[in-house]
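>>> generate coordinates for the sequence data below:
(chains A and B)
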Amino acid sequence: MSDDVIEIKNLVKYYDGRCVLDGIDLKIPQGCIYGLLGRNGIGKTTIIRILLGFESPTRGETFVFGTESPRLSARQRGRIGYVAEAHNLIQNYKVSRLVKLCKELSLDWNDEFFNHLMETFRLPAERKVRQLSIGMRAQLNIALAMAIEPQLLILDDPTLGLDTVARRHFLEMAIDLIGRDGRTILFSSHILSDVERIAERVGILVAGKVVVDCRLEELKKRIKKLRLIFPEEAPSNLHLTEVITQQNEGREMVITVANLNEQKQAVIDTSKPSSCTEIPMTLEDIFIECTKPVLSPIVSY
Amino acid sequence: MFALIKREIEDSVVYFLGAVVLSAILISVLISIGYHHTPAGSPAVAIGVLLPVIIMGMLGPCAMGAAQMYTDKTRKISSFLSTLVVTRAQILIARIITGILSILTVLVPLIVTAVILLRIFAPPVPGYGVMVFEISITIFLMGFACYCIGLQTGWNSNKIIPTMGGLVLTCTLVPLVLVKGFGLHIIVILSLLIIASLTRTWQKFMSTSL
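Numbering: from 1, shown residues only, chains lettered A, B, ... in the order given. Here you go, the predicted model:
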């Protein structure tokens, strides 16, 4: 029996003849906090929706808890907490009625934790959901998803609309949740500092493909940005493999390389640069470099 | 499942209240007919009782089914419910049960009243029992068929052809009952229509993106 909570096999999705996902393969083991990154409209939400069985793939299969997504049983669904990007709550319900409904339709309900969240977020129980601000709706959605004690928490841009304090609080909650036995979190976010703070593993989607899928430290270790200064005009090509980006300006060349090793360093040395310095990269820098057009997977581990 | 049915009833409470009011009105009319010995086939009864019964009996369930599905689609209710301990199949089954309950809210008190009145006022003819049974089943199936058409129409509400098709089909049901009368034939026809409509709704609801 596989230890992976989520498994995606050769996932392909077309929308109106446009290929959004082009053969995605992904595995997320139990207890992992996985950050799914990609530019707007790249297919992150589509992957999540297919995983939850809300949409059918054009080709390929997705598995959650070892069960094919469309065949997930009610009990298996009850072990998944989901925060949607648009916070799809029932708009015409009062908060108290929605909470009651969720309570009735859940396997486990942590009343103490939920009440604590309601107090922290100061959510009004007697107001209708549609009367809440986007931030409050996000908080309510997060509180509902957390209260069911999920084994798998899927968060689609969960901090969208939250202020700095609420965002910080949310991240602390997520870390707290993962601290409990065997919880898995899959989340997509545009706020890369959030991802950097809590994700163990990251996947970067570019042009319908996963170009990066590895541990965060591993990614930082394996993607290097170098500034090379040459005695004369910088060469147009260093004949290196896995070059993500290259920028030449006179004698200077700034190059981002994946999987820099001794062999690649030797190839660089053969072009005799007068200096070679490493530029420190944050996840945001890596993300920006990786989302520039590339042809093949950069880092898979 | 019980929580889902309860939610559907709460959301469609207007239709249930309408069903109770309609049932009360019809019971009063039936009692009045019984006491005044008005012949059931007289024009006054036909215009005053049968016509509103047919219209309300058809439009009510049809509107309820359409409203349930349309609200679900526009407010993404199934999408939210599917994140709880619920499957799409359970959502639809709960909805169908609610529809049946609303029809029974009108029919059951009416049938009970009719049977009691027949016992009191009508001569003890053995055929009455079968007649009441056939009429009740036919009216129930007619209401349910309209509800199923409503479900289908509500889910396809943004498309003109299915909506018009649903309306035409609903309008066809009255002449169909008038032509065929109450009995086994109409029961079979309505049952087939219900099966076809439910199968299509099921297939669409289960396969559409939420």
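>>> list the contacts of the most centrally placed residue in chain B.
Most central residue of chain B, judged by C-alpha distance to the mean C-alpha position with Cα atoms, centre = their mean, is residue B:143 at 2.5 Å. Counting by Cβ atoms under 8 Å, 6 or more residues apart in numbering or on different chains, residue B:143 touches B:57, B:58, B:60, B:61, B:103, B:106, B:107. Where you see a C-beta, it was placed from the backbone N, CA and C, and this is true even at glycine.
>>> and the helices in the stretch 151-300 of chain A?
Under the criterion DSSP state H, counting those that start in this stretch, the stretch 151-300 of chain A contains helices at A:164-179, A:192-198, A:216-222, A:262-270, A:283-290.
>>> the closest residue to residue B:117 other than its chain neighbours: which element?
The shortest distance from residue B:117 to any residue that is not its chain neighbour, by Cβ to Cβ, 6 or more residues apart in numbering or on different chains, is 4.2 Å, and that residue is residue B:34. Taking DSSP states H and E as the definition, residue B:34 sits inside helix B:13-36.
>>> may I ask which helix or strand of chain B has the lowest mean pLDDT?
The element with the least model confidence among the helices and strands of chain B, by mean pLDDT, DSSP states H and E, is helix B:43-45, at a mean of 61.
>>> now the nearest residue to residue A:68 once chain neighbours are set aside: how far from residue A:6?
Among residues not flanking residue A:68 along the chain, residue A:61 sits closest, at 6.1 Å (Cβ to Cβ, 6+ apart). According to Cβ to Cβ, to the nearest Å, residue A:61 and residue A:6 sit 12 Å apart.
>>> close to chain A: what parts of chain B are there?
Within chain B, the positions lying close to chain A (Cβ under 8 Å from any Cβ of the partner chain) are B:3-4, B:6-7, B:75-77, B:79-87, B:90, B:207, B:209-210.
>>> paired strands for the helix or strand where the residue nearest to residue A:68 lies, with orientation please.
Taking DSSP H and E as the definition, one finds residue A:61 inside strand A:59-64. Based on DSSP bridges, the strands next to strand A:59-64 in the sheet, each with its direction, are strand A:4-15 (antiparallel), strand A:67-68 (antiparallel).
>>> okay, the ones you listed in TSV with mean neighbour count and mean pLDDT next?
Supplementary listing: the strands paired with strand A:59-64 in TSV, determined by neighbours: other Cβ atoms under 10 Å in any protein chain shown; pLDDT from 0 to 100:
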stretch	mean neighbour count	mean pLDDT
strand A:4-15	19	90
strand A:67-68	12	90
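>>> make JSON lines out of those strands and add distance to residue A:51.
Rendered in JSON lines, the data for the strands paired with strand A:59-64 read as follows (distance: least, Cβ to Cβ, whole Å):
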{"stretch": "strand A:4-15", "distance to residue A:51": "6"}
{"stretch": "strand A:67-68", "distance to residue A:51": "11"}
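>>> and of those, who's closest to residue A:264?
Closest of the strands paired with strand A:59-64 to residue A:264 is strand A:4-15, at 30.4 Å (criterion: Cβ to Cβ).
>>> which residue packs closest to the residue of the stretch 1-150 of chain A found nearest chain B, ignoring adjacent ones?
When distances are taken as Cβ to the nearest Cβ, the stretch 1-150 of chain A reaches nearest to chain B at residue A:78, 3.5 Å away. Here the nearest residue to residue A:78 in space, its sequence neighbours aside, is residue B:85; by Cβ to Cβ, 6+ apart that works out to 3.5 Å.
>>> circling back to that earlier point, from the chain's centre, how far out does the strand holding residue A:61 sit?
For strand A:59-64, the gap between its own C-alpha mean and the chain's C-alpha mean amounts to 18 Å (Cα atoms, centre = their mean, to the nearest Å).
>>> what's the neighbour count on residue A:232?
Residue A:232 has 9 neighbouring residues, counting by other Cβ atoms under 10 Å in any protein chain shown.
>>> for residue B:137, see how far away it is.
When residue A:232 is compared with residue B:137 (using Cβ to Cβ), they lie 96 Å apart.
>>> repeat for residue A:264
Taking Cβ to Cβ, one finds residue A:264 at 81 Å from residue B:137.
>>> can you put the contacts of residue B:143 in a markdown table and add neighbour count and pLDDT?
Supplementary listing: these in a markdown table, determined by neighbours: other Cβ under 10 Å; pLDDT from 0 to 100:
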| residue | neighbour count | pLDDT |
| --- | --- | --- |
| B:57 | 24 | 73 |
| B:58 | 23 | 78 |
| B:60 | 21 | 85 |
| B:61 | 28 | 88 |
| B:103 | 23 | 91 |
| B:106 | 26 | 88 |
| B:107 | 19 | 89 |
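>>> max pairwise distance over those: which two?
Maximum pairwise distance in these, criterion Cβ to Cβ, is 13.3 Å, between B:58 and B:107.
>>> right, and the helix or strand after the least confident helix or strand of chain B?
Beyond helix B:43-45 in the direction of the C-terminus, DSSP H and E gives the next helix or strand as helix B:51-75.
>>> check contacts around residue 151.
Because you didn't say which chain, this covers chain A. Counting by Cβ under 8 Å, 6+ apart, residue A:151 makes contact with A:5, A:65, A:79, A:80, A:182, A:183, A:184.
>>> I was after chain B.
Residues near residue B:151 by Cβ under 8 Å, 6+ apart: B:65, B:66, B:68, B:69, B:95, B:96, B:99, B:197, B:198, B:201.
>>> pick out whichever of those sits closest to chain A.
Proximity of the contacts of residue B:151 to chain A was ranked by Cβ to the nearest Cβ; the top entry is residue B:68 with 13.3 Å.
>>> residue of the stretch 201-301 of chain A nearest chain B, please.
Counting by Cβ to the nearest Cβ, the stretch 201-301 of chain A gets nearest to chain B through residue A:208 (18.4 Å).
>>> pull the residues that contact stretch A:62-82.
Surrounding stretch A:62-82, the residues in contact under the criterion Cβ under 8 Å, 6+ apart are A:1-2, A:4-9, A:11, A:50-53, A:56, A:61, A:106-107, A:145-146, A:148, A:150-156, B:82-87, B:90.
>>> tell me the span between the first and last residue of it.
In terms of Cα to Cα, to the nearest Å, the two terminal residues of stretch A:62-82 are separated by 17 Å.
>>> residue B:16 and residue B:104 touch, don't they?
No: counting by Cβ atoms under 8 Å, residue B:16 stays clear of residue B:104, with 10.6 Å between them.
>>> dump the residue contacts of whichever residue of chain B sits closest to chain A.
Among residues of chain B, the one nearest chain A by Cβ to the nearest Cβ turns out to be residue B:85. It sits 3.5 Å away. When contacts are counted by Cβ under 8 Å, 6+ apart, residue B:85 is found next to A:74, A:75, A:77, A:78, A:105, A:106, A:107.
>>> gap between it and residue A:56?
Counting by Cβ to Cβ - residue B:85 and residue A:56 are separated by 22 Å.
>>> does anything pack onto the helix or strand containing residue B:97? Which helices or strands?
Element membership for residue B:97 (DSSP H and E) is helix B:88-121. Identification of packing neighbours for helix B:88-121 by 3 or more Cβ pairs under 8 Å, 6 or more residues apart in numbering or on different chains; DSSP states H and E yields helix B:2-11, helix B:13-36, helix B:51-75, helix B:77-81, helix B:127-155, helix B:184-207.
>>> right, and the helix or strand after the longest one?
Pointing back at helix B:127-155 there. helix B:160-180.
>>> who are the packing partners of that following helix?
Applying 3+ Cβ pairs under 8 Å, 6+ apart, we find helix B:160-180 packed against helix B:51-75, helix B:127-155, helix B:184-207.
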